[in-house]
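[1] all I have is the shape, not the residue letters:
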């Protein structure tokens, strides 16, 4: 039985969104996992009481008296609050009592706590936030999504490996195509950083590298020159593109609402909204850590939490962390 | 009479798109300008012959035997091809025989030729490509759009001034709000470059600085925290966001077509397409040069060329270049 610890107190709508999402996850197949709700037992029980008849067979509660707030300084908060839901939830995984962790709390704190408590695989310099971009068809993975603002070329290459393994293990892509986000396809384009990364990626073994790609190549569509599964960029660019995409989708929906009001009464529009709804993918996995940790938006809906729990289960089932460890050990061995 | 030179040979669909666009521009008011078509006279005449009855009263032809191709190295091509439409067109402005230049040709070459032939205003380090993002309402100016990949903090501050003057002169915004594109609003967020630029912008006189903004703040909408008129970023980030926006709008329209086929028969959808059509704004002005030079997409439609000509006329009429010169002279004087 796969054990997924869920930070019940982290999100903006905690514990309601978290518990609603967890119950939805438990109700849908497969049922090879249990959830460990981490937080104030009284608050969790009070919320669970709103769902009478809940089967507690695959649900545990782990007491955590404290919460790390959204505005707290990540590392300091992690150190100061050993009884926080974040530290206790990840502590379960560290001590072998849990297999994965999901939180919609303070992203920086979740990143710091995951790195400090679980540690990084050998050869990984920093944990990476990988974000799935919804599209009309299959999602595209963009990394880093904001955890690593200043990257070395070597780190960008590391992202290519992390993204490749993720898309293979969790999205079933046999040989994911990797693109390096740049401002032109030619070798001499871009900053010194991406030019160096391009040279390294060209000769990186076991990476299906398509070369430099442009902003227009991220999403599938008529404008795309090369279809890619994984987009590599530093966390500054990745975070800006990610947040811009979210907002432009909303702006577009808003424009449509104003101009074709009745379109929104249609199932097709629901479908479209769903496609562009980040909650479909539930959360961003932290890659590179020894274990499984999924970071969700602070404003996560129950659906987002549900899907994050499912991603966590899939990551454990697919041995994602073990595959990352093996790949980076192989790279380290080749360097030695 | 304002004189606008148009590179008739530069674009992917030259000279047809250029000449169609120019004729459309000449037909719509105001009529205080004339167009100087620059290119191979025979090719231009052949194209004009397709429009019998054209009034030549505000139309000149200036022979240029050569063309700079899209794939040519910018600076080398400018030096090697003195008879190119680009060099001759800008030469007219340099020698006082023209007031503005429009080209849908090789962007790098247009940038290089504008800088070399017209020169930069004192205090300006490099010319900047300013791109207007279409939105449901008023457009937002993002700069740099790709001309300056590696920027100093001082250059980012320069973009804030250039963008402010542009939005005041051409978009009628009395006191444009400037945002610095970053990955969070807090002072300590981002790269060393943007942190330094943020400190400089906070105390920059005559700039209505709103602080750090995120990717979600670029476009107006429910997700926007601070409404901005001008978004400052380096050309690497700006170019990626620009191309990504173009493509995401297309992807969105594609998704809609698949799901609500009849929506595209409606005037509302045309309206929406138009809003998100880059050609509405026609071209990206090069800011910082001594003069007026507008760069268009290689794939520009006649409508895009028409609007680029209008932007050029407006820039001359509003004394944009003179206002930029005055502002940068004032900054230089304050530094001395």
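    Everything's here; your move. Worth saying up front: this structure is predicted, and the values here are computed from it rather than measured.
[2] from now on I want contacts and neighbour counts done on CA atoms only, so please keep to that.
    Fine.
[3] beta partners for residue A:294?
    residue A:102, residue A:285 (DSSP bridges).
[4] show me what contacts it?
    Residue A:294 makes contact with A:100, A:101, A:102, A:103, A:283, A:284, A:285, A:286, A:308, A:312 under the criterion C-alpha atoms under 8 Å, 6 or more residues apart in numbering or on different chains.
[5] now the last one. Nearest residue, chain neighbours left out?
    So the one you mean is residue A:312. Nearest in space to residue A:312, with sequence neighbours left out and distances taken as C-alpha to C-alpha, 6 or more residues apart in numbering or on different chains, is residue A:100 at 6.0 Å.
[6] now the fifth one
    Excluding the flanking residues, the one nearest residue A:283 by C-alpha to C-alpha, 6+ apart is residue A:296, at 4.4 Å.
[7] just to check, the one you found is in contact with residue A:284?
    Yes: using C-alpha atoms under 8 Å, residue A:296 makes contact with residue A:284 at a distance of 6.3 Å.
[8] the more surrounded of those two?
    Legend: neighbour count by other C-alpha atoms under 10 Å in any protein chain shown for residue A:296 and residue A:284, higher for residue A:296 (28 against 22).
[9] wait, what's in contact with the more buried one?
    Taking C-alpha under 8 Å, 6+ apart, we find residue A:296 in contact with A:102, A:103, A:104, A:105, A:107, A:282, A:283, A:284, A:304, A:305, A:308.
[10] just the residues you listed now: which is nearest chain B?
    residue A:107 (12.4 Å; C-alpha to the nearest C-alpha).
[11] what's the burial count for the closest one?
    20.
[12] and the pLDDT at it?
    Per-residue pLDDT puts residue A:107 at 88.
[13] which residues of the stretch 101-250 of chain A lie near chain B?
    Applying C-alpha under 8 Å from any C-alpha of the partner chain, we find that the stretch 101-250 of chain A lies next to chain B at A:135-136, A:146, A:149-150, A:181-183, A:190-191, A:214-224, A:236-237, A:239-250.
[14] I'd guessed residue A:141 sits against residue A:131; true?
    Yes: Residue A:141 lies in contact with residue A:131 (C-alpha under 8 Å); the separation is 5.6 Å.
[15] okay, these two: which has more neighbours?
    residue A:131 (28 against 25).
[16] pick out the residue closest to the middle of chain A.
    The centroid of chain A falls nearest to residue A:284 when counting by C-alpha atoms, centre = their mean (1.0 Å).
[17] you'd agree residue A:244 is up against residue B:216?
    Yes: between residue A:244 and residue B:216 there is a contact under C-alpha under 8 Å: 4.8 Å.
[18] just checking, what packs against the helix ranked longest in chain A?
    Criterion DSSP state H: the longest helix present in chain A is helix A:235-259. Judged by 3 or more C-alpha pairs under 8 Å, 6 or more residues apart in numbering or on different chains; DSSP states H and E, helix A:235-259 is in contact with strand A:140-143, helix B:235-259, helix B:267-275.
[19] take these and write them to CSV, including distance to residue B:196 and mean pLDDT.
    Listed next are the helices and strands packed on helix A:235-259 as CSV, based on distance: least, C-alpha to C-alpha, whole Å; pLDDT from 0 to 100:
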stretch, distance to residue B:196, mean pLDDT
strand A:140-143, 25, 96
helix B:235-259, 17, 84
helix B:267-275, 35, 66
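[20] of the ones you listed, which stretch is the most buried?
    strand A:140-143 (a mean of 26; mean count of other C-alpha atoms under 10 Å in any protein chain shown).
[21] which SSE is immediately downstream of it?
    Downstream of strand A:140-143, the next assigned helix or strand under DSSP states H and E is helix A:153-171.
[22] which parts of that following helix are buried?
    Neighbour counts over helix A:153-171 (16 or more other C-alpha atoms under 10 Å in any protein chain shown) mark A:153, A:155-171 as buried.
[23] on that earlier part again, wait, what's in contact with the residue nearest to residue A:312?
    A:3, A:4, A:5, A:93, A:291, A:292, A:293, A:294, A:312, A:313, A:316.
[24] for those, which one is nearest residue B:76?
    Ranked by distance to residue B:76 (C-alpha to C-alpha), these are led by residue A:294 at 50.8 Å.
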